[in-house]
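In: Here is the input, now give the coordinates:
(chains A and B)
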Amino acid sequence: MGFLFESLQQSLQLIFSLDREVFLAVWTSLYTSLTAIVLAAACGVPFGATVGLLRFPGRGAVLTLFNTLMALPTVVVGLVLFGLFSRQGPLGSLGLLFTPWAMIAGQFVLAIPIVANYTLAAVAGADPRILPTAQTLGAGRLQGVWQLLLEVRFGVMAAIVAGFGRVIAEVGVAMMLGGNIRGYTRTMTTAIALETSKGEFAFGLALGIVLLGVALIVNLFLNLLQQR
Amino acid sequence: MKPLLILNDIRFRRDDFVLTVEQLELQPGRIYLVHGPNGSGKSTLLHLLALLLIPEGGEVRFAGRRIDGGVDRQRLRRQITLVEQNPFLFDASVYHNLAFGLRLRDVRGDLQRRRVTQALHAVGLMGFESRWAKALSGGEARRVALARALVLRPKLLLLDEPTAGLDREILPIFERCLAALPGQGTTVVIASHDADQSRRLAGITLGIDRGRVISAAGDSFTQLKENA
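Out: Residues are numbered from 1 along each chain as shown, chains lettered A, B, ... in the order given. Next up is the predicted model:
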């Protein structure tokens, strides 16, 4: 128990002394995850809304595919993108491997099924009178869909927040595509894995506390949205 | 006087239900009341008049123009407003609900505010601008839906059972508001169960039964022929 208390004390000291290493990892985590989620929202929300509103042959297959992709293991995404971004891979010439952009790409792939699926559920569960009402007031099809998205805005925001929760906490993609390079691609999760294996338990604990704090804020926000 | 809207040999089918209108002419600045039992096609007729449904066959003319393509239809639809039997109010303030259609027509600033105030005044809801639409009572919500249509100053206003379930005290406000519309150049078509409403509003009665618009009374400008 003494070891745990001592480590906790040290980890709190690291956080409150604004330790550079800790905050570099926090910063890398936040900016890669936020960039990935912005891109995933820009693609996933329109895609989810489209599938939610349209009836087309093969829609069931698309739904099944996206439900399956929601449970995609992060190391599988890391593995596939590693193959694409590695020097011999088809995208190797871009030089993305072991850069923050490779991590963002992986996190984007992880987040997009979550954002699209939750948006789809929000749109499919929306009041069926929204679109006709907008149209009777003079809206075109796209303006009507925009109004519908505004009506289900809390569901859409919950979709984005859930996607963010997934990518900020993942370790497989960040480790495989980022390479855990200190001060460059080292995120909270990869730093925890590394520092703990080196015996720097207090450092890992400090990052764990920050990560837990971020997860708590995300969940509080999600609960707040669900209560609306 | 040139008719505002003409339906010629219209046939519309949805599943087993077929609506046929041999000829119907709506004159500007008149009130029409469509009577018929439940399921007779009153709402479908209003949706056809609102240009929201496309008939299988026949000709629709609005203000002398034959309605063909989608762009034309959407442009002309902005001169028509339909208030559904169970109107949907957007999850926003009353002001936002009324301003929605005005923004689509590029009416902004002081003119927008003035028109919203006037429309709320017309339905007896002065000072309701900042109230949240979802928090209104059923009667208030219906009056806001009417105001949202009136604010657009449509050439053709279509109302589906607008007074069903309204309090007795509100009914005269509602009907006074409707009776004033022909004087402002608006043609009003009301689907109603209330047979006495036609007399109170000095309107022209149209009959509809099992998908056939079958009769008209009290107006020489309206021609309706029974299907052969």
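In: three-state assignment of the residue minimising distance to the centre of chain B?
Out: In chain B, the C-alpha nearest the mean C-alpha coordinate belongs to B:Leu158, at 0.7 Å (C-alpha atoms, centre = their mean). Assigned with DSSP: H, G, I helix; E, B strand; the rest coil, B:Leu158 falls in the strand class.
In: beta partners for it?
Out: B:Leu158 has these beta-bridge partners by DSSP bridges: B:Leu82, B:Val189.
In: Sketch out the low-pLDDT regions of the chain for me.
Out: Went with chain A since none was named. Counting by pLDDT under 70, chain A contains low-confidence residues at A:1, A:226, A:228.
In: um, chain B though
Out: B:69-71, B:214-228.
In: Could you list the domains of it?
Out: Chain B resolves into domains spanning B:1-79+B:154-227, B:90-153 when parsed by the TED database.
In: sorry, back to before: how far away is the residue nearest to the centre of chain B from B:Val83?
Out: 7 Å (C-beta to C-beta, to the nearest Å). Every C-beta, even on glycine, is put in place using the N, C-alpha and C of the backbone.
In: Also B:Asp196?
Out: From B:Asp196 across to B:Val83, the span is 20 Å (C-beta to C-beta).
In: Comparing the two, which residue is more hemmed in?
Out: Neighbours were counted for B:Asp196 and for B:Val83 using other C-beta atoms under 10 Å in any protein chain shown; B:Val83 has more, 23 against 8.
In: surely that one meets B:Val151?
Out: No: if you go by C-beta atoms under 8 Å, B:Val83 and B:Val151 don't touch, sitting 11.9 Å apart.
In: List the residues that contact B:Val94.
Out: Going by C-beta atoms under 8 Å, 6 or more residues apart in numbering or on different chains, B:Val94 touches B:120, B:125, B:128-133, B:136, B:144.
In: Phi, psi for it please.
Out: phi -60, psi -40 (degrees, to the nearest 10).
In: Also B:Asp9?
Out: Backbone torsions for B:Asp9, taken as degrees, to the nearest 10, come to phi 50, psi 50.
In: before we move on, what SS does the nearest residue to it once chain neighbours are set aside have?
Out: In space, and not counting its chain neighbours, B:Asp9 is closest to B:Gly58: 4.1 Å by C-beta to C-beta, 6 or more residues apart in numbering or on different chains. B:Gly58 falls in the strand class when you classify it by three-state DSSP.
In: Ok, B:Thr44 next?
Out: Using three-state DSSP, the structure places B:Thr44 in helix.
In: For it, the count of nearby residues, please.
Out: 19.
In: how near is the nearest residue to it once chain neighbours are set aside to A:Ala202?
Out: Nearest non-adjacent residue to B:Thr44, counting by C-beta to C-beta, 6+ apart: B:Leu19, 5.0 Å away. Computed as C-beta to C-beta, the B:Leu19 to A:Ala202 distance reads 76 Å.
In: More neighbours: which of the two?
Out: Between B:Leu19 and A:Ala202, counted using other C-beta under 10 Å, B:Leu19 has the larger neighbour count: 24 against 19.
In: Run the angle between the host helix or strand of that one and strand B:156-160 for me.
Out: B:Leu19 is part of strand B:17-26 when elements are defined by DSSP states H and E. For strand B:17-26 against strand B:156-160, the angle by axes from the mean of the first three to the mean of the last three C-alpha atoms, to 10 degrees is 140 degrees.
In: Show me what strand B:17-26 is packed up against.
Out: Judged by 3 or more C-beta pairs under 8 Å, 6 or more residues apart in numbering or on different chains; DSSP states H and E, strand B:17-26 is in contact with strand B:5-14, helix B:42-49, strand B:212-217.
In: Can you pull the residues of chain B lying near chain A?
Out: Contacts of chain B with chain A, taken as C-beta under 8 Å from any C-beta of the partner chain, map to B:50, B:52, B:74, B:77-78, B:81-84, B:86-88, B:90-92, B:100-101, B:104-105, B:148-149, B:152.
In: Mark which of the residues you listed are part of helices, please.
Out: Among the residues of chain B next to chain A, the ones falling in helices (DSSP state H) are B:74, B:77, B:100-101, B:104, B:148-149.
In: Kindly reformat those residues as TSV and extend each row with distance to A:Val171 and neighbour count.
Out: Listed next are those as TSV, based on distance: C-beta to C-beta, whole Å; neighbours: other C-beta atoms under 10 Å in any protein chain shown:
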residue	distance to A:Val171	neighbour count
B:Gln74	51	16
B:Arg77	53	23
B:Phe100	46	21
B:Gly101	50	21
B:Leu104	48	17
B:Arg148	51	29
B:Ala149	56	26
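In: Just read off the phi/psi values of B:Ile204.
Out: Dihedral angles (degrees, to the nearest 10) for B:Ile204: phi -100, psi 130.
In: Which residues does it form beta bridges with?
Out: Partner residues in beta bridges with B:Ile204, using DSSP bridges, are B:Tyr32.
In: That one and B:Ser198, how far apart?
Out: Taken as C-beta to C-beta, the span from B:Ile204 to B:Ser198 is 7 Å.
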